[in-house]
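K.L.:
3D model of this:
(chains A and B)
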Amino acid sequence: MSASFDRLHEGVRRWIWRQEWEELRDIQERSIPVLLEGGRDLVIAAATASGKTEAAFLPIVSRLAAEDREPGGGFDAVYVSPLRALINDQFGRIEGLCEELGIPVVKWHGDVAASVKARARQRPGGILLTTPESLEAILCRRGGEAARLFAALSCVVVDELHAFLDQPRGRQLQSILNRLEVAAGQRVARVGLSATLADMRVAAAFLRPGDPESVAIEQSAEGGGELRLQLRGYLEPARPLRVAAVAGDGPDQEKADPGALAETAIAHHLFDTLRGRRSLVFAGSRGRVETITAELAEMGAALGVPEEFLAHHGSLSREIREEAERRMRDTTRPASIVCTTTLELGIDVGHIEAVAQLGPGRTVSGMRQRLGRSGRRRGRPAVMRVYVREAEIVASTHAMDRLRVDTVQACAMLALMLRRWNEPSVPGRLHLSTLVHQVLALIAQHGGLGVRQGWERLGASRAFPELTLPLYLDVLRRMGRPEVGLIEQAPDGTLLPGPEGERVIAGRDFYAVFMTAEEFRVVTDRGRALGTVPVQTPLVPGQLLILAGRRWRVLEIDGARREVLVTRAFGGRPPLFGGEVGAPHEEVVREMRRLYEGRDRPAYLDVPAAGFLDEARATYRGLGLAGASCCRHEDQLLLFAWTGARVQTALRLALVDRGLAATDLGLALALPAAAGTALRAALGALAAGPPPEAATLARLVEHKVRDKYDCYLDEDLLCLDWASEHVDASRVPDTAAALLARMPEDLGTPA
DNA sequence: GACCTGCTGCGGGCTG
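P.N.:
Residues are numbered from 1 along each chain as shown, chains lettered A, B, ... in the order given. Okay, here's the model as predicted:
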């Protein structure tokens, strides 16, 4: 077959023959030599379904088979996945191969029976497939056994690596990787698998924070197949007919909602192009999944055709979601799923012909990940349609709406995706909530922790790369305050759990570093679990509700059991899951500016979308933005810094700090029209001075508690942590100077 | 600031 193939263990080669593979895939050829040698960290980047899992496990299993390890001497390799569903998928793929060679494979996550885990603990060996949270639980509950369980550990494989980047969960995993190496008493090779990375250095830095240069990188050359992109525009009429609303008639009232007409037109297009095919529709929010799926289902019902559009998101029950996934894998009949980010990761839903995305979405990497789910078979194009809605322009339309921000943003993101750009990692994030968690976890694992030992594990090890010794000590002092009670100090200096710490560590949800909101379960009168709604959702009996793409009426609410009983009905709206969209990355904003200033129309725009882009450029010129940083719109000044969220937040807070009422509109800051002179003075001062202190600016923000253990931090620590994520103050002077240089002389004339 | 993700051990009752 090939040189790489010949180097594999005989049993592995036999298994490959039996699979009737004609050749090894490109990424497998490349990864096998690196991993057969062992010891080396490696990032494996290749498209979905390109054989990444085998690229990692063929050589790892080969090595284990050749070494003939002592049974029960500890797990030889650990596979970490962000999803239980992925562990179940991978178990099926690895088990057959390992069985052949007598290497045990054990699944370990929340759904696995305690008896299976007990057996694995008694005779640990082979490959352990698990989650970060289960590893956390093993280390915390069985700290004394960790050395025995992981004594033989030679390799850790992290699947869907990009899902951990920049997340509290990723920081926890980095700390756990370090704790595993300490337990093993040796350096353990780290292997990361990902489909969507554009910048391999980010992945390398995640995998081995102290020494990213040493990480090998293998990228597949395959996957440059044909790409079919379209951006479709839909016009939102300014005054939808309100005839039915006057009559007060339930279901029809929905049709009078602003946006319902464009939404219906989008649903019609989805129905016409996707029916009879296999596709995914990324709707952007759970609420929109529900309304679109319900609309598609009703179109099908009106035509009397079989149901083929299914809903999939995080508030639907496992039963409903797995049913949709099974239906997608059934190749005998067509089906499409309307989903949120739930189907962005590698859950197996079979071959997908086309992908649709509603709205520009939040990130370019998300867009690439979604596109990657289509056209997975060789010779098939990847198809993606992006749908945007824009309001009809009438006399009262706001300048920001006339700038057609969604259309221009979607254009910019598609352009950046085609240039293979991805959002980089946010530098300098502290993750103090996760640090608090890891201090408690280390105490739980070892039954106590020396102050110095904690610093070695969390700071010096680079598990928290931005952590300084003084900040670490500040966090410990805060955790030890009597009113916080997370930790106490024994006479010899050892850190022990305080009363609150005992309570937190003993809790069932200690192992996860993210929060879960309280929810009601929604059950049908036939006893079927549909999903959950946030407890804040205002619910009364008789109320109408859309869930799982169907319409329901609430029969009864059982507050004690946190359960809502529903029956089939007509009308209704989705539960209020809540939320707004944030600003895109700076590079996206820069690309948007290039689009406003350019003249060419990308080929992938349909006629209405091209019209939106023309209108956007006309507005841009009309507002004088080609030469000016600021314009007047009615009673507002609009300030365009073209910087992206973190610098713009710093600028806004610096202006607020100087008494100016600045609000963030996404692409621009808005100030009262009368503030023109004061704005000029404030920008002058900011341009001349040193950069403002980010943590001081954060004091102006009220709701900074976001992550699970933020509630234990004081205002000072919270400001540092919040600023490290949301504020880039270093560029405020330059940005202020640039704004000032392009400030028009006369701000008094309305645009 | 959208979306998503995870989970132990024990005691009591029932079955074979």
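
K.L.:
can you tell me the residue of the stretch 151-300 of chain A closest to DNA strand B?
P.N.:
Using C-beta to the nearest atom of the strand, A:Ser285 is the residue of the stretch 151-300 of chain A that sits closest to DNA strand B, at 3.8 Å. Where C-beta positions appear, they are placed from N, C-alpha and C, glycine not excepted.

K.L.:
For A:Leu261, see how far away that residue is.
P.N.:
Distance from A:Ser285 to A:Leu261, counting by C-beta to C-beta, to the nearest Å: 19 Å.

K.L.:
what do you get for A:Ala324?
P.N.:
With the distance defined as C-beta to C-beta, A:Ala324 ends up 28 Å from A:Leu261.

K.L.:
re earlier: any idea how many residues pack against the residue of the stretch 151-300 of chain A closest to DNA strand B?
P.N.:
When counting by other C-beta atoms under 10 Å, one arrives at 18 neighbours for A:Ser285.

K.L.:
Just want to know which of A:Ala324 and A:Leu261 has more residues nearby.
P.N.:
Neighbours were tallied for A:Ala324 and for A:Leu261 using other C-beta under 10 Å; the higher tally belongs to A:Ala324 (23 against 18).

K.L.:
so which strand or helix has that one?
P.N.:
Using DSSP states H and E, the secondary-structure element containing A:Ala324 is helix A:318-329.

K.L.:
tell me what that helix is packed against?
P.N.:
For helix A:318-329, the helices and strands in contact under the criterion 3 or more C-beta pairs under 8 Å, 6 or more residues apart in numbering; DSSP states H and E are strand A:309-312, strand A:335-339, strand A:529-534.

K.L.:
pLDDT averaged over the last one - what is it?
P.N.:
In this model, strand A:529-534 carries a mean pLDDT of 88.

K.L.:
how about the residues of the stretch 201-350 of chain A near DNA strand B?
P.N.:
Where proximity means C-beta under 7 Å from any atom of the strand, the interface of the stretch 201-350 of chain A facing DNA strand B comprises A:Gly284, A:Ser285, A:Arg286, A:Gly287, A:His313, A:Gly314, A:Ser315, A:Thr340, A:Thr341, A:Thr342.

K.L.:
My guess is the third one contacts A:Thr293. True?
P.N.:
No: A:Arg286 is not in contact with A:Thr293 according to C-beta atoms under 8 Å; the separation is 10.7 Å.

K.L.:
Same drill for the two, tell me which one is more crowded.
P.N.:
A direct count of neighbours by other C-beta under 10 Å for A:Arg286 and A:Thr293 places A:Thr293 higher, at 28 against 23.

K.L.:
Distance-wise, check the residue nearest to the more buried one when sequence neighbours are not counted relative to DNA strand B.
P.N.:
Once its chain neighbours are removed from consideration, A:Thr293 has its nearest residue in A:Gly549; the separation is 3.1 Å (C-beta to C-beta, 6 or more residues apart in numbering). Distance, A:Gly549 to DNA strand B, by C-beta to the nearest atom of the strand, to the nearest Å: 13 Å.

K.L.:
Low-confidence stretches in chain A?
P.N.:
Counting by pLDDT under 70, chain A contains low-confidence residues at A:196-198, A:221-224, A:239-259, A:375-378, A:571-582, A:748-751.

K.L.:
can we see that at 50?
P.N.:
Per-residue confidence for chain A (pLDDT under 50) gives these ranges: A:240-256, A:578-581, A:749-751.
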